[in-house]
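1. here is a sequence together with a model predicted from it:
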Amino acid sequence: MHNKCSSSMMDVSIFYNIQHLSEAYSILLLLIFGGFSLGEMIIYLHAHSLALRLAACHTIDLAVICAGHVWKKTIVNKDHFKLKTMKKIHSKNNNRLMRSKLDKNRFMTMWFVVCMVCMVGFCVVNIIHSLQMLIHRHDFDIHMPFTLLITVLVEFIVKSIGIIFLDFGLTYSRSTIPIRTLFILSPAFAVLTIAALRYLGYSYLVLWLDPVLTICTCFILSVLSILSAADYISVLLMAVPKEVKLENFESKFKLRFPGEKFHQLHVWADTKNHFNLSVHMRFKKSENYLQNFQSIKSFFSEHGITMAVLQPEFEKATTDSGNECLFEKKSEIIETKEVETAAV
């Protein structure tokens, strides 16, 4: 008993140490991106660079992504850990623990999609303004080129940190690294080009290149944002993910577990890498459930399922050998009895 208490206290202390570090860098990221976006806007008001204004809007969008990251690290993880420790004491909290995971993943997916939609909105506004400046740009000039160079160097450092630490759509696969890099650093490259040319004295070229380069960067960001958001529409619609292999699923299940049956199979995704499954399982005996539970969950994992929820149904001697849902059948019997009682 003493060992269990000491190990539980050790788990809590380790969790809170990790939690405080995680919270610290998440909040630090939010403060860095929020403060830097404000600084970029102030410099834009004096330098009049359209590329810098787009970079400031882009930094604001990254700050919003950071806000969701902070929410996940500070609030959701604490609630999740509390439920996990409660699960050791009360097994009935297992459903609450699972629901906590699903709510966190779904919220972060929705938050990411909203951020991508906001980025598209920023791009549309900047494209309209850049088109106007292509006509009237001869009345302006880009000032403070050295300040722009210093700003863009700091921007490269800040946003490179974002590439490493930000949850870019909750995906960490290598295939997303080039897309993530292009999305985060393309505005900085545009500002660097404009600042370098203006510093070297190509002021007339910069007057035309600044709006053109801003429009091109807006198109890049818009396409990447739309593709990223569209990639998660199926997640929000709870459609069956393509990554889960359900071909010949029932026949494979029967070969591996010949005595068991299943129905009401539902598969959906909470993120691009997190797939859930819920299913009703019919068992002839409760012993079969205890013996095959882990094997059945392993079978689902082999087909790409991250989290499987099994609802067991146990047959009686009088139960027919079909595959109807016993819960629905039981509710129908109860409703029939209630109608007969009311008629009497």
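-> Structure's in. What do you need?
2. tell me if I'm right that residue 155 and residue 37 touch.
-> No. Under the criterion of Cβ atoms under 8 Å, residue 155 makes no contact with residue 37, lying 10.1 Å away. C-beta coordinates here come from the backbone N, C-alpha and C atoms, glycine included.
3. pick out whichever of those two has more residues nearby.
-> Set side by side, residue 155 and residue 37 show more neighbours around residue 155, with 24 against 21, by other Cβ atoms under 10 Å.
4. how about the more buried one, nearest residue that isn't a chain neighbour?
-> Spatial nearest neighbour of residue 155, chain neighbours left out: residue 188 (4.7 Å); criterion: Cβ to Cβ, 6 or more residues apart in numbering.
5. repeat that for residue 189.
-> Of all residues not flanking residue 189 in the chain, residue 217 sits nearest, at 8.0 Å (Cβ to Cβ, 6+ apart).
6. could you do residue 181 as well?
-> residue 163 (5.9 Å).
7. repeat for residue 256
-> For residue 256, the closest residue by Cβ to Cβ, 6+ apart turns out to be residue 299, at 6.1 Å.
8. helix, strand or coil for residue 309?
-> At residue 309 the chain is in strand, as set by DSSP: H, G, I helix; E, B strand; the rest coil.
9. correct me, but it touches residue 281?
-> No. Checked against Cβ under 8 Å, the pair residue 309 and residue 281 is beyond contact range at 10.4 Å.
10. of those two, which one has the most company?
-> residue 281 (21 against 16).
11. who are the contact partners of residue 63?
-> 30, 33, 34, 37 (Cβ atoms under 8 Å, 6 or more residues apart in numbering).
12. in helices, which of those fall?
-> With helices defined by DSSP state H, the entries of the contacts of residue 63 inside them are 30, 33, 34, 37.
13. excluding its backbone neighbours, what's nearest the first one?
-> When the adjacent residues along the chain are set aside, residue 30 lies closest to residue 66, with 4.1 Å between them (Cβ to Cβ, 6+ apart).
14. so the residue nearest to residue 189 touches residue 54, yeah?
-> Yes. Counting by Cβ under 8 Å, residue 54 is a contact partner of residue 217 at 6.1 Å.
15. quick one: common contacting residues for the two?
-> 187, 190.
16. can you list the buried residues in stretch 257-277?
-> 257, 260-263, 265, 267-277 (16 or more other Cβ atoms under 10 Å).
17. same check on stretch 225-244?
-> 225, 228, 229, 232, 235, 241, 244.
18. likewise for stretch 303-314?
-> Neighbour-count burial for stretch 303-314 flags 303, 304, 305, 306, 307, 308, 309, 310, 313 (criterion: 16+ other Cβ under 10 Å).
19. and stretch 280-300, by the same measure?
-> Neighbour counts over stretch 280-300 (16+ other Cβ under 10 Å) mark 280, 281, 282, 283, 284, 288, 289, 292, 296, 297, 299, 300 as buried.
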